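Undergrad: okay, sequence plus prediction incoming.
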Amino acid sequence: MDFLAQLQRAERKNQSMLCVGLDPEPTKFPGTMRGEPARIFDFCARIVDATKDLVIAFKPQIAYFAAHRAEDQLELLMAHIRRVAPEVPVILDAKRGDIGSTAEQYAREAFERYQADAVTVSPFMGFDSIEPYLRYPGKGVIVLCRTSNPGGSDWQFQRLADVDGQPRLFEHLARLAQTDWNRNGQLGLVVGATFPAEIERVRQLAPTLPLLIPGVGAQGGDAVATVKAGWRPDAPIVVNSSRAVLYASAGDDFATAARRVAMETRDLLNSARSTV
Ligand SMILES: O=c1ccn([C@@H]2O[C@H](COP(=O)(O)O)[C@@H](O)[C@H]2O)c(=O)[nH]1
């Protein structure tokens, strides 16, 4: 089953547009786990077990594992998700971008070592830096477009004088992803929940692509405005929240608290859908 079909199936089964981001930071772990990088797998597995029926996807961010020499725990976690939630796709947030020969290795890391269903990539180096990922049939490739951070405007809002209509860079990217670049039919775009107006613009330019939308929760993005701007019945949105779910409680009830926040966020997103 390809990435798009996996998203549609999980959205239907779990009635959810929520993606729980797995950004483990040992200093924020509860109780005896606190400050223990060796407990990264245990912490994340508890979160997965507590939220797996509430999500459209999980999104581990690779830096949180690599920074603690915990890539082996990421491998274990990926296997755990496949075992306990086989219907939930996993997006490896790696934001890779390099020349083709190196991109081949990054693609191999994401899709063979970790067996991710999709990976995030940076488009800064152009199409040949993305093409190696598209050689994996059915795998999702999610291109940074209008990121959730304020500094994203430094580049993404620049106008392209040589392109018809002089679009802003993120608009040009959205158009390319919907058309010429989408060679395996599994491209998606990252658009921040902190910028609903741009989500709407991207949705105009890329009407059928899945959108990965980080920025609700800790970054303060507007969940309701996000759904109104981006959700369409035939184009999934994957709305990510990491810290607000993971660290909903600093106590031993952290998994129960994570489930409560995930459920509230899922329900809020769903309630906004009825207004589209
Ligand atoms: O534009 C982007 C792209 C990726 N991210 C990632 O999403 C999560 C957000 O975490 P929160 O704790 O919910 O703020 C994190 O892994 C980022 O690396 C993003 O925030 N914005």
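TA: Received it, and whenever you're ready, just let me know what you need.

Undergrad: okay, CA-based contacts and neighbour counts for the rest of this
TA: Noted.

Undergrad: the stretch 151-276 of the chain: strands as residue ranges?
TA: Along the stretch 151-276 of the chain, counting by DSSP state E, counting those that start in this stretch, strands occupy 187-191, 211-214, 237-241.

Undergrad: go through those strands and name the closest to the ligand.
TA: Across the strands of the stretch 151-276 of the chain, the minimum distance to the ligand, taken as C-alpha to the nearest ligand atom, is reached by strand 237-241, at 3.8 Å.

Undergrad: partner strands of that closest one, with direction?
TA: Here strand 237-241 is paired, per DSSP bridges, with strand 18-22 (parallel), strand 211-214 (parallel).

Undergrad: for the ligand, what's the nearest residue on the stretch 101-250 of the chain?
TA: Taking C-alpha to the nearest ligand atom as the measure, the stretch 101-250 of the chain has Thr147 as its residue closest to the ligand, at 3.2 Å.

Undergrad: next, count neighbours for that residue.
TA: 22 (other C-alpha atoms under 10 Å).

Undergrad: thinking again about what came up before, and the strands paired with strand 237-241 as CSV, adding distance to Ile130, mean pLDDT and mean neighbour count?
TA: Converted to CSV, those look like this (distance: least, C-alpha to C-alpha, whole Å; pLDDT from 0 to 100; neighbours: other C-alpha atoms under 10 Å):
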stretch, distance to Ile130, mean pLDDT, mean neighbour count
strand 18-22, 23, 98, 29
strand 211-214, 17, 98, 27
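
Undergrad: now Leu74: how far from Tyr114?
TA: 8 Å (C-alpha to C-alpha, to the nearest Å).

Undergrad: quick one on the thing from earlier: which residues does the residue of the stretch 101-250 of the chain closest to the ligand contact?
TA: Contacts were defined as C-alpha atoms under 8 Å, 6 or more residues apart in numbering; by that measure Thr147 touches Val190, Val191, Gly192.

Undergrad: adding distance to the ligand, pLDDT and neighbour count, write those residues out as TSV.
TA: Converted to TSV, those look like this (distance: C-alpha to the nearest ligand atom, whole Å; pLDDT from 0 to 100; neighbours: other C-alpha atoms under 10 Å):
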residue	distance to the ligand	pLDDT	neighbour count
Val190	6	98	25
Val191	6	98	29
Gly192	5	98	28
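
Undergrad: tell me which of those is nearest to Arg260?
TA: Nearest to Arg260, judged by C-alpha to C-alpha, of the contacts of Thr147 is Gly192 at 23.5 Å.

Undergrad: may I see the buried residues of the longest helix that the chain contains?
TA: Taking DSSP state H as the assignment, the helix of the chain that covers the most residues is helix 254-273. The neighbour-count check on helix 254-273 (16 or more other C-alpha atoms under 10 Å) flags 254-263, 265-267, 269-270, 272-273 as buried.

Undergrad: which other residues reach it?
TA: Residues lying outside helix 254-273 but in contact with it, judged by C-alpha under 8 Å, 6+ apart, are 15-18, 20, 30, 46-47, 50-51, 54-55, 223-225, 227-228, 231, 244-249.

Undergrad: Gly140 is in contact with Asp117, correct?
TA: Yes - Asp117 is in contact with Gly140 according to C-alpha atoms under 8 Å; the separation is 6.1 Å.

Undergrad: joint contacts of those two?
TA: With C-alpha under 8 Å, 6+ apart, Asp117 and Gly140 have common neighbours Phe3.

Undergrad: neighbour count: these two, which is higher?
TA: The residue with more neighbours, out of Asp117 and Gly140 and counting by other C-alpha under 10 Å, is Gly140; that gives 28 against 23.

Undergrad: now do the closest residue to Arg175 other than its chain neighbours, the pLDDT please.
TA: Counting by C-alpha to C-alpha, 6 or more residues apart in numbering, the nearest residue to Arg175 once its immediate chain neighbours are dropped is Leu205, at 5.5 Å. The pLDDT attached to Leu205 in the predicted structure is 98.

Undergrad: contacts only, for Leu205.
TA: Each residue near Leu205 by C-alpha under 8 Å, 6+ apart is listed here: Glu171, Ala174, Arg175, Gln178.

Undergrad: OK, contacts around Ser153?
TA: Counting by C-alpha under 8 Å, 6+ apart, Ser153 touches Arg146.
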